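Q: when you get a sec, could you give me coordinates for this:
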Amino acid sequence: MQKFGFKIETKTGTIVENLVVHGNDMAHAETKLKQIYHHCKIIEARGIDSVMRGEGTDLESAIGLIVGHDTTQ
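A: All right, here's what the predicted structure looks like:
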């Protein structure tokens with residue numbers, strides 16, 4: 001599953017930002033989003049890349065990202 005970020009306008013006109021939906025692809029994530037927010041208008045949609053996809057986050061890796069060194073070698 002991938003993560004997708006959305007900015008939408010609800011049917012009442014409220015702007016909702018930073019919605020994150022999991023899906024197999026963008027179309028799947030949009031379908032799930034529209035099941036929750038009926039009649040919404042999608043203003044912005046983007047894929048979210050996970051920096052450490054499939055790897056647990058540990059302190060050493062986080063420090064390596066901050067410092068700019070690859071600690072996985």
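Q: alpha carbons only for contacts and neighbour counts from here, please
A: Fine.
Q: got a list of contacts for stretch 3-14?
A: 15-23, 26, 29, 37-49 (C-alpha atoms under 8 Å, 6 or more residues apart in numbering).
Q: residues contacting the longest helix belonging to the chain, please?
A: When the chain is parsed with DSSP state H, its longest helix is helix 26-36. Helix 26-36 has contacts (C-alpha under 8 Å, 6+ apart) with Phe4, Val21, His22, Gly23, Cys40, Gly47.
Q: average model confidence for it?
A: Looking at helix 26-36 alone, the average pLDDT works out to 95.
Q: show me what counts as buried in it.
A: Neighbour counts over helix 26-36 (16 or more other C-alpha atoms under 10 Å) mark Met26, Ala29, Glu30, Leu33 as buried.
Q: ok, stretch 8-16 next?
A: Residues Ile8, Glu9 are the ones in stretch 8-16 that count as buried (16+ other C-alpha under 10 Å).
Q: span of it from start to end?
A: End-to-end span of stretch 8-16 (C-alpha to C-alpha, to the nearest Å): 5 Å.
Q: where does the protein have low pLDDT?
A: Counting by pLDDT under 70, the chain shows low-confidence ranges at 50-58, 69-73.
Q: show me where it has strands.
A: All strands of the chain, identified by DSSP state E, fall at 2-9, 15-23, 41-48.
Q: how about the second one: buried residues?
A: When neighbours are counted by 16+ other C-alpha under 10 Å, the buried residues of strand 15-23 are found to be Val20, Val21, His22, Gly23.
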